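K.L.:
model this:
(one chain, ligands or ions: 1)
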Amino acid sequence: MTNLHGAGCVVTGVAGFVGSHLAERLVNIGCRVVGVDDFSSGREENIRSLKDSDRFALHNLSIRENGLIERLCDLHGNLQFCFHLAAIVSVPYSMSHPDETMDINFRATGALIRDAHRLGFKRFIFAGSAAEYGNDRRLPLREAYADGQTVHLSPYGRAKYLASTETAASPLGVALRFFNIYGPRQDPGSPYSGVISRFVDMALERKPLTIFGDGLQTRDFIYVSDVVEAYLAAAGLSMSNPIPPAGIYNVGTGQAVTIRQLADTIMNLAQYSEPVRFLPERPGDIRHSLADVHAFETAAGWRAQVPLSSGLRQTLLWAKKAEHE
Ligand SMILES: NC(=O)c1ccc[n+]([C@@H]2O[C@H](COP(=O)([O-])OP(=O)(O)OC[C@H]3O[C@@H](n4cnc5c(N)ncnc54)[C@H](O)[C@@H]3O)[C@@H](O)[C@H]2O)c1
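P.N.:
As a prediction, the model looks like this:
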């Protein structure tokens, strides 16, 4: 295990949903965090609690800046870990802007990892995605299923696949393929936001929950604090866990939940009941998604801990509080 005291970490996408939780946790365990964000989808309020910490510095920059990592090392000295989360996260936007998506989500990642290697970083951890599997129907999805033959459903999925592959080819690279992440700070207002943040919003506004399709489609939902622990494990910053070799690893719970079950659980927790409205299925939506999580469990001793009901309760509490702020 790495000595955490003052370990220097770059977190790109730090003002986003996941990046802000990760940065808070790193600061809390004694790391120094150099955050980078261009605020294209991130928010100042997500990093409010970090602003006063002397272990946190923020750079309002794009990851496309030439020589970004070198500049951060010159300014902040001795940086050892790069957690690379910044990305175009909207699948529809990636469809209408394929070149920009390739540039940011793939090419810029390649430049960052090469610089991190040259500058002596210990680990580079990339935020991959279940979208890298396209519409593969072999469930649960194993890491090796995404390969050169995979038909990706969007430039988002394609760019994530290429960037994960490039990351894993580097001796310091770990690509974590996240399934559906949820939790506090996920923005319900954005057109690409996860189903959980939309359902929570509808339940709190006492509006009927709307489901696209029959509601029997399934997803693997993982709570954001489990994702943060997966990041620490991937970096070797987790107490007593083995340090995983460079490579690509799924991060999910390994449990499938139907969208109908999800809607019922949220309504139950919000003490609200109203018939669900069914809308036509959206073209391009995949039917089922489920992670095989054995590889990361074996390599890093990591396993998701937060049951769906607890994670949803936390998300609802946060959303209720946010409503009154
Ligand atoms: N949320 C999920 O369910 C999920 C699932 C799989 C993978 N991921 C991946 O995890 C990462 C974090 O996702 P999130 O849900 O926190 O999204 P988010 O939109 O909340 O965070 C992304 C952050 O990156 C920043 N950013 C975007 N382009 C940038 C650029 N060129 N330069 C600097 N900063 C830039 C945004 O402003 C934002 O703060 C992303 O790479 C995403 O693709 C998320």
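K.L.:
in the longest helix seen in the chain, what counts as buried?
P.N.:
Secondary structure assigned by DSSP state H gives helix 308-323 as the longest helix of the chain. The neighbour-count criterion (16 or more other C-beta atoms under 10 Å) identifies 308, 311-312, 314-316, 319 as the buried residues of helix 308-323. (Each C-beta comes from the backbone N, C-alpha and C, glycine too.)
K.L.:
what packs against it?
P.N.:
Counting contacts by 3 or more C-beta pairs under 8 Å, 6 or more residues apart in numbering; DSSP states H and E, helix 308-323 packs against strand 180-182, helix 195-204, strand 221-223, helix 259-269.
K.L.:
at 7 Å what do you get?
P.N.:
Judged by 3 or more C-beta pairs under 7 Å, 6 or more residues apart in numbering; DSSP states H and E, the packing partners of helix 308-323 are helix 195-204, helix 259-269.
K.L.:
contact partners of that helix?
P.N.:
By C-beta atoms under 7 Å, 6 or more residues apart in numbering, the surrounding residues in contact with helix 308-323 are 182-184, 196, 200-201, 204, 221, 223, 257, 265-266, 269-270.
K.L.:
kindly indicate which of those lies nearest residue 60.
P.N.:
Proximity of the contacts of helix 308-323 to residue 60 (C-beta to C-beta) peaks at residue 184, which lies at 23.2 Å.
K.L.:
quick one, what contacts that closest one?
P.N.:
By C-beta under 7 Å, 6+ apart, the contact list for residue 184 reads 314-315, 318.
K.L.:
which of the helices and strands packed on helix 308-323 sits closest to the ligand?
P.N.:
Closest to the ligand of the helices and strands packed on helix 308-323, according to C-beta to the nearest ligand atom: helix 195-204, at 9.2 Å.
K.L.:
gap between residue 197 and residue 312?
P.N.:
Applying C-beta to C-beta, to the nearest Å, the value for residue 197 to residue 312 is 11 Å.
K.L.:
please apply the same query to residue 169.
P.N.:
38 Å.
K.L.:
which parts of the stretch 1-150 of the chain are strands?
P.N.:
Taking DSSP state E, counting those that start in this stretch as the test, the strands found in the stretch 1-150 of the chain are 8-12, 32-36, 56-59, 81-84, 123-129.
K.L.:
so where's the stretch 201-325 of the chain shaky on pLDDT?
P.N.:
Counting by pLDDT under 70, the stretch 201-325 of the chain contains no low-confidence range.
K.L.:
again, 90 this time
P.N.:
Residues of the stretch 201-325 of the chain that meet the criterion pLDDT under 90 lie in 238-241, 282-285, 322-325.
K.L.:
ditto for the stretch 1-150 of the chain
P.N.:
The low-confidence ranges in the stretch 1-150 of the chain, as defined by pLDDT under 90, are 1-6, 92.
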